[in-house]
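**Student:** model the structure of this input:
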Amino acid sequence: MFLALREMRHAKLRYALMAAILILVSFLVLFVTGLARGLSYANASSVVHMPADGFVLSADAEHRLARSELDAARTERIGELAGAGHAEALGVRMATVAVDGGGKADAAVLAVDPDGWLAPPVAEGAPLGPDDTGLAVADAKLKDAGARIGGVMTDASSGRSWKIIGFTEEQSFSHTPALFVSPAEWEQLAQSARGGTGAEGGEPAFNAIALQGDRERLEAIAAEMPDAVLLSKQQVIEAIPGYSAEQGSLTMMIAFLYVISAFVLAVFFYVMTLQKLGQFGILKAIGARTGYLARSVAGQVLLIAAASLAASLLLIAGFRAVLPDALPFRLDESTLLATCALFLATSAAGSLLSVIKVARADALEAIGRSAA
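**Tutor:** Coordinates of the predicted model:
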């Protein structure tokens, strides 16, 4: 590293400009990664938080929760096969609600057993009871539309009204805040909504059954239901409308940013290496080992990449402090570490051209050019 640091001190401006470019690229990598994670979380956080090992949906639903319909008979049968405490019904319905004293808002109405493991923790107010009707627990984001404890929300489609008794946090589905109701209220909603999810004969239909258990047990349960399909949590999330297209576009952007950073580094250091090829040859002639010179070049790359990454992390920290709440941005520690490690690995890969060129530098040719 002595040679690398000495050269960087000698050509401060050249390396500073390179570092500035890398700071911008690494900042974009981190920002787009955080945006992708934030959008993913905002699209499916309610499903992400469910401690389920699998979901049973109707076979004709194309893996989409909102399209699935399981009548009471199938729901009971799956519950019997799974055993007590291992299966819970889940209802999903997109709605437009009017808030008293406020405006209108889109909401995802989710029916879960308030005493079961699908029920979200209540951060403010009171939880639901299993037989409660006309009551709901809302995601805190609905406060922006005027929701409050004791306030009433009315479904524009069915005409059902719900009194808000509590708030939960970070619960959304398909980019809309969740509104949790009891199975008893779900039955009332199914009866009130014309052409809704009510099954024939007035029996309520749920969209899915969440299961807990090992994979073999879940597959055995699904095998007993030929008109249903077993999906993992990730499969359910990926089938949410717009999720795959949204994440695919952002992932492609991130991949291109990694390629750009590697290309910029590779070109910069390759040109630098070509300019110094004679010097590397002379150093070899006076006894410098190829490995030492290669480590010097690779060390410069990693040092500049690490310094640029550290600066971009500071920029991201400052940027997060001023981001509006409406902009979904999520960058947890594991994602941050993985992104930084991949960026450094990409930078190291970008230095390979220069390292190969240094290894092939000929001492005799360098001496001949120097003498000429």
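**Student:** do you know the pLDDT at residue 104?
**Tutor:** Turning to residue 104, the model gives it a pLDDT of 90.
**Student:** torsion angles phi and psi at it?
**Tutor:** Backbone torsions for residue 104, taken as degrees, to the nearest 10, come to phi -100, psi 150.
**Student:** show me what contacts residue 162?
**Tutor:** Contact analysis of residue 162 by CB atoms under 8 Å, 6 or more residues apart in numbering lists 134-136, 152-155, 179, 181, 185. Heads up, the C-betas are built off the backbone N, CA and C, glycines and all.
**Student:** quick one, which of these are buried?
**Tutor:** Buried subset of the contacts of residue 162 (neighbour count, 16 or more other CB atoms under 10 Å): 135-136, 152-155, 179, 181, 185.
**Student:** the residue nearest to residue 344 when sequence neighbours are not counted in helix, strand or coil?
**Tutor:** Spatially, and ignoring its direct neighbours in sequence, residue 344 is nearest to residue 305 (5.7 Å; CB to CB, 6 or more residues apart in numbering). Recorded secondary structure, residue 305: helix (DSSP: H, G, I helix; E, B strand; the rest coil).
**Student:** would you mind listing the buried residues in stretch 155-167?
**Tutor:** 155, 157-158, 160, 162, 164-167.
**Student:** am I right that residue 177 sits in a helix?
**Tutor:** No: applying three-state DSSP, one finds residue 177 to be strand, outside a helix.
**Student:** what's the residue sitting nearest the centre point of the chain in contact with, if anything?
**Tutor:** By CA atoms, centre = their mean, the chain has its centre lying nearest to residue 37, at 3.0 Å. Contacts for residue 37 (CB under 8 Å, 6+ apart) come out as 329-332, 335.
**Student:** which SS state does it fall under?
**Tutor:** Once three-state DSSP is applied, residue 37 turns out helix.
**Student:** check it and give its pLDDT.
**Tutor:** 91.
**Student:** which parts of this structure are helices?
**Tutor:** Taking DSSP state H as the test, the helices found in the chain are 2-10, 12-48, 72-82, 183-192, 215-223, 233-238, 243-275, 277-285, 290-322, 333-350, 352-359, 363-371.
**Student:** quick one, the second one and helix 243-275 angle?
**Tutor:** It refers to helix 12-48. Orientation of helix 12-48 against helix 243-275 (axes from the mean of the first three to the mean of the last three CA atoms, to 10 degrees) gives an angle of 160 degrees.
**Student:** and helix 12-48 with helix 290-322, angle?
**Tutor:** Going by the same axes, to 10 degrees, helix 12-48 makes 60 degrees with helix 290-322.
**Student:** gap between helix 12-48 and the chain center?
**Tutor:** Put simply, helix 12-48 sits 13 Å off its chain's centre (CA atoms, centre = their mean, to the nearest Å).
**Student:** for the residue nearest to residue 344, give me its contacts.
**Tutor:** Residue 305 neighbours (CB under 8 Å, 6+ apart): 22, 26, 265, 343-344, 347-348.
**Student:** from the residues you listed, which one has the minimum pLDDT?
**Tutor:** Lowest pLDDT among those: residue 265, 81.
**Student:** and for it, the neighbour number?
**Tutor:** For residue 265, the neighbour count with other CB atoms under 10 Å is 27.
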